[in-house]
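Peer 1: Got a sequence here, can you build the structure:
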Amino acid sequence: MEQLVRKIRFEVNEKVFLKDPENSVLGKKIVQFSILMIEEIGFESFTFKKLAEKIGSTEATVYRYFENKHKLLIYILSWYWNWLEYLLVFSTNNIPSPEEKLKIAIGIIANPISKEDPTFGHINEIALHNIVISESSKAYLTKEVDRDNKEGYFLSYKSLCLRFAQIIKEINPKYAYAASLASTTIEGAHHQKFFAEHLPSLSDAQIKDNNTIPKFLTEVVFKAISK
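Peer 2: Below you'll find the model as predicted:
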């Protein structure tokens, strides 16, 4: 089973990159240090020039993999959504109860990881999760969102939301707002984490408390879909 897990490779829309970073040591290094740098200095301050200096390469080399830093951000976020869906499927695969599935799914969305996953050596999932909390909305809150959507840039995120919505539908097939509730729950998990750390009056969660947010979301979701 361990050998099977280590062979897992998440497919990201090829339109996001010019050269697949997963196919080379340098490409993986670009992704690895992009994640670490964006978490440390923020997306606005992050540049390909700074990245190239960090990895001992040239700015032109980075541009051979990604057209711009916006597409790089979409790449690492897509990887994250794929990884989160993988965790969700893996953790609920043999659970017969839809209610239990939903509770597990909410827990994964709210607190996906407490330590790095050794399965993917060049990805720091904790740092990437922090980026998702603070930077993910910048991928689609742009003037080009409709064009990017037509190009399929958000397919990984849509797939995760659909998977979550399907679990909701298992419990209440007649619930009319499964997609809205799924995306609201996922975004709400991130917003509550961000608020707890930076705007604490907007959340009842505490920075070091990993239980409040999943409990809150579980209550909201189950009350919403109650028959």
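
Peer 1: What's the local residue count around Ala139?
Peer 2: By other Cβ atoms under 10 Å, the residues close to Ala139 number 22. Where you see a C-beta, it was placed from the backbone N, CA and C, and this is true even at glycine.

Peer 1: residues making contact with the helix or strand hosting Thr218?
Peer 2: Assigned by DSSP states H and E, Thr218 falls within helix 212-225. Helix 212-225 is contacted from outside by 99, 102-103, 106-107, 109-111, 168, 171-172, 175, 177, 181, 185, 188-189, 192-193, 196, 204-206, using Cβ atoms under 8 Å, 6 or more residues apart in numbering.

Peer 1: repeat that with 10 Å
Peer 2: With contact meaning Cβ atoms under 10 Å, 6 or more residues apart in numbering, helix 212-225 is reached by 99, 102-103, 105-111, 164, 167-169, 171-172, 174-175, 177-178, 180-182, 184-186, 188-193, 195-196, 203-206, 209.

Peer 1: With stretch 28-36 instead?
Peer 2: The contact list for stretch 28-36 (Cβ under 10 Å, 6+ apart) reads 17, 19, 21-22, 24, 46, 48, 50-52, 54-57, 61-62, 64-66, 69, 72-73, 75-76, 79-80, 120-128, 130-131.

Peer 1: Filter these down to the buried ones.
Peer 2: Among the contacts of stretch 28-36, those classed as buried by 16 or more other Cβ atoms under 10 Å are 17, 21, 46, 48, 51-52, 55, 57, 62, 65-66, 69, 72-73, 75-76, 79-80, 120, 123-128, 130-131.

Peer 1: residues contacting Trp41?
Peer 2: To be clear, residue 41 is Ile; Trp isn't right here. By Cβ under 10 Å, 6+ apart, the contact list for Ile41 reads Thr47, Lys50.

Peer 1: and the gap between it and Asp148?
Peer 2: Per Cβ to Cβ, to the nearest Å, Ile41 is found 24 Å from Asp148.

Peer 1: Just the buried residues of the helix holding Thr218, please?
Peer 2: Here helix 212-225 shows Ile213, Pro214, Phe216, Leu217, Thr218, Val221, Phe222, Ala224, Ile225 as buried, counting by 16+ other Cβ under 10 Å.

Peer 1: would you put the C-alpha positions of whichever helix in the chain runs longest in PDB?
Peer 2: Assignment by DSSP state H gives helix 69-92 as the longest helix of the chain. Presented in PDB, the C-alpha positions along helix 69-92 are these (Å, rounded to 0.1, in the frame of the first residue of the first chain):
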ATOM      1  CA  LYS A  69       3.600  34.300 -10.900                       C
ATOM      2  CA  HIS A  70      -0.200  34.300 -11.200                       C
ATOM      3  CA  LYS A  71      -0.100  31.000 -13.100                       C
ATOM      4  CA  LEU A  72       2.400  29.700 -10.600                       C
ATOM      5  CA  LEU A  73       0.000  30.500  -7.800                       C
ATOM      6  CA  ILE A  74      -2.800  28.700  -9.600                       C
ATOM      7  CA  TYR A  75      -0.400  25.700 -10.100                       C
ATOM      8  CA  ILE A  76       0.400  25.300  -6.400                       C
ATOM      9  CA  LEU A  77      -3.200  25.900  -5.400                       C
ATOM     10  CA  SER A  78      -4.400  23.300  -7.900                       C
ATOM     11  CA  TRP A  79      -1.900  20.900  -6.400                       C
ATOM     12  CA  TYR A  80      -3.300  21.600  -3.000                       C
ATOM     13  CA  TRP A  81      -7.000  21.100  -4.000                       C
ATOM     14  CA  ASN A  82      -6.000  17.800  -5.700                       C
ATOM     15  CA  TRP A  83      -4.200  16.700  -2.500                       C
ATOM     16  CA  LEU A  84      -7.100  17.700  -0.300                       C
ATOM     17  CA  GLU A  85      -9.500  15.700  -2.500                       C
ATOM     18  CA  TYR A  86      -7.100  12.700  -2.300                       C
ATOM     19  CA  LEU A  87      -7.200  13.000   1.500                       C
ATOM     20  CA  LEU A  88     -11.000  13.200   1.500                       C
ATOM     21  CA  VAL A  89     -11.500  10.200  -0.700                       C
ATOM     22  CA  PHE A  90      -8.800   8.100   1.100                       C
ATOM     23  CA  SER A  91     -10.300   8.900   4.500                       C
ATOM     24  CA  THR A  92     -13.900   8.200   3.600                       C
END
